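Undergrad: Sequence first, predicted model second:
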There are 2 protein chains.
Amino acid sequence: MSASLNISPEHRRLIAKLESIGTLTAGEHDALTALPLRVRQIAEDTDIVREGDAPSDCCLLVEGFLCRYKMLPDGGRQILAIHTAGDIPDLQSLQLKVMDHSLGTLTPCKVAFIGHAALQEITRNYPGVAALFWRDTLIDAAIFREWLTGVGRRTAHQRIAHLFCEIHIRLKAVGLANGDGFDLPITQAELADSLGLSTVHVNRVLQDLRRGGLIQSRGKYLAVMDWRALEEVAGFDPRYLHVR
Amino acid sequence: MSASLNISPEHRRLIAKLESIGTLTAGEHDALTALPLRVRQIAEDTDIVREGDAPSDCCLLVEGFLCRYKMLPDGGRQILAIHTAGDIPDLQSLQLKVMDHSLGTLTPCKVAFIGHAALQEITRNYPGVAALFWRDTLIDAAIFREWLTGVGRRTAHQRIAHLFCEIHIRLKAVGLANGDGFDLPITQAELADSLGLSTVHVNRVLQDLRRGGLIQSRGKYLAVMDWRALEEVAGFDPRYLHVR
DNA sequence: ATCGCATCTTAACCTATGTTTGCAAGCGAA
DNA sequence: TTCGCTTGCAAACATAGGTTAAGATGCGAT
């Protein structure tokens, strides 16, 4: 306990994240605390790894918003995931050496890099941590599935409402959102690229939701005025997030 | 080598699959061969596990086609993945106890059930196998990402062509397709539910592709007349499948 | 304080795809 | 052989959402 006072904020983030999806023994906790991290500040709209790269580190997002995306030959972009503090968006690179998509910042970000070697070693020595890492990537996949069904079968209104509900739950799980809203510092164009819509249509729907009294955006802050209604139009069921 | 003559076809499938994405040591090979399997024949259009279930086995697909899907409140269905022989579609249930989607047959299937306990044990004793399982679920996720970008940003023509290319590569990886086509015993409605389209539109596009001389469907067999052109309209790049 | 750029907003118009419906072809069961 | 059911096909029509383009608004940099 007294030791925990010396844990860096970066390690704290990592541990809070892992504890949001499972439990850690004291030994695992200590081993994670001892992980060597290289912390860096990265400007907004900057790529961290690109499709085709074979990175030698994983990155832990400490502050800000990241996204993973694919570019299409015609210039179109599909955002595959939006990542919030605590996430390790390229944990998969531990097993899949060459990236099949890119990872970039949506906002200025504080990121901590962790060498593959150090991660491999911790998984070797602590199978419980390995299992949690696996579990994390499986939840990742569960979110892809939910996005896929959204883009495949939900209307624009439902998709947007659903994304808002999802991000809210995920931020709450790591203690970054309260009851009435959350910071969502991303543009309508980025929303559009996430949901398979055009920016114009995102704008239309957003205004609809505001007129309907469901939400209210004050700058980068998304204030939700009527959670019940928002979840209702989204058809939101948080089970796929597998939070404890 | 003489031992390999006694390996059951089910175990052979499993091993062929794992070897298509990584390598096995002799010890791992033997341990997998000793895995207790409960083989069952399952009729077409039958659910194996449903959203909300907490299964105690994983299932190895030995013959036939399975799919994973989600139902929406309005009755819509999104197919999340199409599985072919060798796949273990619910390997994730080892870590995520309650299913966030369902798993059902598209055709009559031969399936081998493997108890979670046996799988846990093998991952405990053979970290290399654990890593391969992890890798398998990561490739699964890579395919979700590709589908997501398809549904989000590709036209109907591109989506259909892309799916055909993907299934072909996957079947080839486990030795179930030759050069000129493959068995694809699924209906246009199922194609539609996979691609976020209506069945009518799938029909239109399929005829287009036939008229264009790209494909030709004889019953359940999909004959590809012009691979180059098909990959061209799909914008297909197989890297995301991470086959060796 | 002002310029410049990104973002948001609006409007007019367009099209890919959805919906509904009906019919024909194939096929297994009785 | 016929019945019943699934699947494929077709045509007419409807619409959600895309596209283009042009202002308006906000805000960081100088």
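TA: That came in fine, so what should we check first?

Undergrad: only C-alpha atoms for contact and neighbour calcs from this point on.
TA: Will do.

Undergrad: List of residues touching the worst-scoring helix or strand of chain A on mean pLDDT?
TA: When each helix and strand of chain A is scored by mean pLDDT, DSSP states H and E, strand A:215-218 comes last, with a mean of 89. Around strand A:215-218, the neighbours that count as contacts under C-alpha atoms under 8 Å, 6 or more residues apart in numbering or on different chains are A:209, A:210, A:222, A:223, A:224, A:225, A:226.

Undergrad: Buried residues, the strand or helix carrying residue A:157. List them.
TA: Using DSSP states H and E, residue A:157 maps to helix A:156-173. Using 16 or more other C-alpha atoms under 10 Å in any protein chain shown as the test for burial, helix A:156-173 gives A:156-171, A:173.

Undergrad: and what of stretch A:217-234?
TA: So stretch A:217-234, judged by 16+ other C-alpha under 10 Å, has buried residues A:222, A:223, A:224, A:225, A:227, A:229, A:230, A:231, A:233, A:234.

Undergrad: mind listing the strands in chain A by residue range?
TA: In chain A, the strands defined using DSSP state E lie at A:38-42, A:47-49, A:57-63, A:66-71, A:77-83, A:102-105, A:109-115, A:181-183, A:215-218, A:221-224.

Undergrad: what packs against the first one?
TA: For strand A:38-42, the packing partners by 3 or more C-alpha pairs under 8 Å, 6 or more residues apart in numbering or on different chains; DSSP states H and E come out as strand A:109-115.

Undergrad: what sits against residue A:238?
TA: A:166, A:169.

Undergrad: List the residues that contact the spatially most central residue of chain A.
TA: The centroid of chain A falls nearest to residue A:83 when counting by C-alpha atoms, centre = their mean (2.1 Å). With contact set as C-alpha under 8 Å, 6+ apart, residue A:83 has these partners: A:61, A:65, A:66, A:67, A:89.

Undergrad: please redo it, this time with the cut-off set to 10 Å
TA: A:61, A:64-68, A:89, A:103, A:105-106, A:167, A:170-171 (C-alpha atoms under 10 Å, 6 or more residues apart in numbering or on different chains).

Undergrad: With residue A:55 instead?
TA: A:48, A:49, A:90, A:93, A:94, A:96, A:97, A:98, A:99, A:115, A:116.

Undergrad: Quick one, which of those residues are buried?
TA: Counted by 16+ other C-alpha under 10 Å, these give A:49, A:90, A:93, A:94, A:96, A:98, A:99, A:115, A:116 as buried.

Undergrad: of the residues you listed, closest to DNA strand D?
TA: residue A:49 (24.0 Å; C-alpha to the nearest atom of the strand).

Undergrad: Make CSV from the contacts of residue A:55 and add pLDDT to it.
TA: Shown next, in CSV, are the contacts of residue A:55 (pLDDT from 0 to 100):
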residue, pLDDT
A:48, 97
A:49, 98
A:90, 97
A:93, 98
A:94, 98
A:96, 98
A:97, 97
A:98, 98
A:99, 98
A:115, 98
A:116, 98
